[in-house]
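In: Here is my input; please provide its structure:
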Amino acid sequence: MTVLRVAAVQAAPVLMDQESTLARVADLTRDAAAGGAELVVFPEAFVPGPPVWIDTARIWDGDEEWYGLLADQAVVVGSPATARLGDIAREAGVWLVIGVDERDGGTIYNTLLYFAPDGMLANIHRKLMPTGSERTVWGMGDGSTLRTIATPFGGLGGLICWENYMPLARFHLYAQGVEVWVAPTLATGDAWVATMRHLAREGRMFVIGVNPCIHADQIPASIPRPEALYPPEDRERDGGWLMPGNTVVVDPTGAVIEGPVRETERIVSAQLDLDLVRTGRRFFDPVGHYNRPDVFRLAVDTAPRPAVVELDLVGPPERGVPASIVPT
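Out: Reported below is the predicted structural model:
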């Protein structure tokens, strides 16, 4: 496959409402597929929506209701929510990449899920380092989820929001042959567009940066203390745009081919000629002929980091004798 039709979905989740947001995902994915999309990409933390209060309110004034709602509505991998997302991908016949708030035990992660057109969950990536106030909500991922996946159209991978600024994480994915890079984000403004252009030119790949777009009118009445969640003075300053959007698609030369789209919900579609990746790397391949492995070497720990690892270093202990003092 040398031509790929993609859709970056700039839209609003139904904040803190998993079921209603999944219904939105189904409708929007169906619309994108009807427009010819083979790869559909949703924003960061789209289900059930980002914890917007971390940037609009002081958490020490009390965010327990909001956080509790997020934890209740967060996605658990292997639950009916991920089964539903798989069904959405399968019914539309598309690759579906979507950001979720993933709850695992008592911790919530900023996670990107990749679903294949047959509905199978093909990859999970947890954001390595939450940024600033995000650390009050999200845990840190580990190296085990830094993977590019092989698809019929080439390597598919990417990073979430500001972890795109981590050069070693980028290089590790470049080395896995990524050709289509997804960058779901909450970042706004021209500086972020410049980042997307730099990554595309550095990696000689297509980059899909996709944002949510949320207006004050779209904050559900069911959200506790909506006036505190998005204060009136902030609404006036922002024109009511809690998140204005900033979706962009960039080609391997760094040229913007779609966007940036702001202050409107839109399915941003683009046709990607993947031959441009291969011809572009003739001039600059960051992990091939333009790399110097004799000078530089990257070591990456891709082992999972579970909370508990059971070690049996000395064999079964004698009855009644602690394992730590059994002679070897």
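In: Identify the residues contacting the helix ranked longest in the chain?
Out: Selection of the longest helix in the chain by residue count, based on DSSP state H, yields helix 18-34. Identification of contacts with helix 18-34 by CB atoms under 8 Å, 6 or more residues apart in numbering yields 7, 9, 11-14, 40, 42, 46-49, 73-75, 81, 84-85, 88-89, 91-94, 96, 98, 267, 269. Placement of C-beta: from N, CA and C, glycine included.
In: For it, the averaged confidence score.
Out: Across helix 18-34, the average pLDDT comes to 98.
In: which other helices and strands contact the helix or strand harbouring A8?
Out: Element membership for A8, per DSSP states H and E: strand 3-10. Using 3 or more CB pairs under 8 Å, 6 or more residues apart in numbering; DSSP states H and E, the elements in contact with strand 3-10 are helix 18-34, strand 39-41, strand 206-210, strand 247-250, strand 266-273.
In: With mean neighbour count added, can I get the ones you listed in TSV?
Out: Rendered in TSV, the data for those read as follows (neighbours: other CB atoms under 10 Å):
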stretch	mean neighbour count
helix 18-34	18
strand 39-41	27
strand 206-210	28
strand 247-250	28
strand 266-273	18
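In: Strand 266-273 and the strand holding A8, what's the angle between them?
Out: Going by axes from the mean of the first three to the mean of the last three CA atoms, to 10 degrees, strand 3-10 is angled at 160 degrees with respect to strand 266-273.
In: Tell me which strands strand 3-10 pairs with, and in which orientation.
Out: According to DSSP bridges, strand 3-10 forms sheet pairs with strand 39-41 (parallel), strand 266-273 (antiparallel).
In: Tabulate these (TSV), appending mean pLDDT and distance to V248.
Out: Putting those into TSV (pLDDT from 0 to 100; distance: least, CB to CB, whole Å) gives the following:
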stretch	mean pLDDT	distance to V248
strand 39-41	98	12
strand 266-273	98	8
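In: hey, where'd the strands end up in the stretch 51-200 of the chain?
Out: All strands of the stretch 51-200 of the chain, identified by DSSP state E, counting those that start in this stretch, fall at 95-104, 107-115, 121-126, 149-151, 154-158, 178-184.
In: Might one say that M16 is in contact with G49?
Out: Yes. Taking contacts as CB atoms under 8 Å, M16 lies within contact range of G49: 6.0 Å.
In: TSV please, covering the strands of the stretch 51-200 of the chain and showing mean neighbour count and mean pLDDT.
Out: Output for these, formatted as TSV (neighbours: other CB atoms under 10 Å; pLDDT from 0 to 100):
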stretch	mean neighbour count	mean pLDDT
strand 95-104	25	98
strand 107-115	24	98
strand 121-126	20	98
strand 149-151	15	96
strand 154-158	22	97
strand 178-184	26	98
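In: Can you dump the C-alpha atoms of stretch 226-241 in PDB for me?
Out: Coordinates of each C-alpha in stretch 226-241 appear next as PDB, following Å, rounded to 0.1, in the frame of the first residue of the first chain:
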ATOM      1  CA  PRO A 226     -18.900  23.500  36.500                       C
ATOM      2  CA  GLU A 227     -18.300  27.100  37.400                       C
ATOM      3  CA  ALA A 228     -15.200  26.100  39.300                       C
ATOM      4  CA  LEU A 229     -14.200  23.600  36.600                       C
ATOM      5  CA  TYR A 230     -14.000  26.400  34.100                       C
ATOM      6  CA  PRO A 231     -14.300  29.800  35.800                       C
ATOM      7  CA  PRO A 232     -16.200  32.700  34.100                       C
ATOM      8  CA  GLU A 233     -13.100  34.900  33.900                       C
ATOM      9  CA  ASP A 234     -11.300  32.100  31.900                       C
ATOM     10  CA  ARG A 235     -14.300  31.600  29.600                       C
ATOM     11  CA  GLU A 236     -14.300  35.400  28.800                       C
ATOM     12  CA  ARG A 237     -10.600  35.400  28.200                       C
ATOM     13  CA  ASP A 238     -10.700  32.300  26.000                       C
ATOM     14  CA  GLY A 239     -13.900  33.100  24.100                       C
ATOM     15  CA  GLY A 240     -15.500  30.100  25.800                       C
ATOM     16  CA  TRP A 241     -13.000  27.600  24.200                       C
END
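In: one step back: could you work out which of the strands paired with strand 3-10 reaches nearest to Y230?
Out: Comparison of the strands paired with strand 3-10 against Y230 by CB to CB identifies strand 266-273 as nearest, at 22.1 Å.
In: Residues in contact with the closest one: which ones?
Out: For strand 266-273, the surrounding residues in contact (CB under 8 Å, 6+ apart) are 2-11, 28, 31-32, 35-37, 180, 206, 208, 210, 213, 247-249, 251, 257-259, 261.
In: Repeat that for stretch 66-80.
Out: Outside stretch 66-80, the residues that touch it by CB under 8 Å, 6+ apart are 16-18, 47-48, 51, 53, 81-82, 100-104, 108, 111, 113, 121, 124, 137, 223-225, 229.
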